[in-house]
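Participant: coordinates only, sequence not included:
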């Protein structure tokens, strides 16, 4: 079973945020200007892998990353379960209608209007997702991979989701080969 988890390229939020500093308030953060080189580097590694389909988070930075790396060469399934843990403004998504306008070749019709975590809002207007919720999504997705016998698939997702799934905290555009049955993971692009 060939499953590859790929963290998105650097977002505008990642480019300006520092831990302990205020949230820069960039909702559904798109990619930064550094993204192009990260995606080109990742594309070189992808060429050696047997990938036939993609599963992509509906956050803009993952959609942009998937487009830059794979250039619309594979079938794409949008899956909100692999979204980032909502911790900051950049993790709040866009409506399915906006996403469909931005990416008319992809199907967002199955998404709810608010497909990201929704709870008691903070002063910035979003709800912070508990780690237990993220871990539950990661565990559920791992079970889905095993029961659906998903293979030859790249999953373009987020750092905290990959960490909850594999225990690896990836760099931007790092590619992690994941075996859900044995719960083993190894970086394809970085030595650890």
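Facilitator: Cool, the structure landed. All figures in this text were calculated on a predicted structure; none of them were measured in a lab.

Participant: from residue 44, how far off is residue 32?
Facilitator: 20 Å (CB to CB, to the nearest Å). Backbone N, C-alpha and C define where each C-beta goes, glycine included.

Participant: apologies, that question was intended for residue 18.
Facilitator: Distance from residue 18 to residue 44, by CB to CB: 30 Å.

Participant: and the two? Which one has more around it.
Facilitator: Taking neighbours as other CB atoms under 10 Å, residue 18 and residue 44 compare with residue 44 leading, 11 against 7.

Participant: and that one, that's in a strand?
Facilitator: No - Residue 44: not assigned to a strand; according to DSSP: H, G, I helix; E, B strand; the rest coil it is helix.

Participant: show the pLDDT at the closest residue to residue 171 other than its chain neighbours.
Facilitator: Computed as CB to CB, 6 or more residues apart in numbering, the closest residue to residue 171 that is not its neighbour in sequence is residue 190, at 6.4 Å. Looking at residue 190, its pLDDT reads 71.

Participant: quick check: the gap between residue 180 and residue 68.
Facilitator: Taking CB to CB, one finds residue 180 at 26 Å from residue 68.

Participant: swap in residue 32?
Facilitator: 12 Å.

Participant: what's the answer for residue 117, then?
Facilitator: With CB to CB as the criterion, residue 117 and residue 68 are 26 Å apart.
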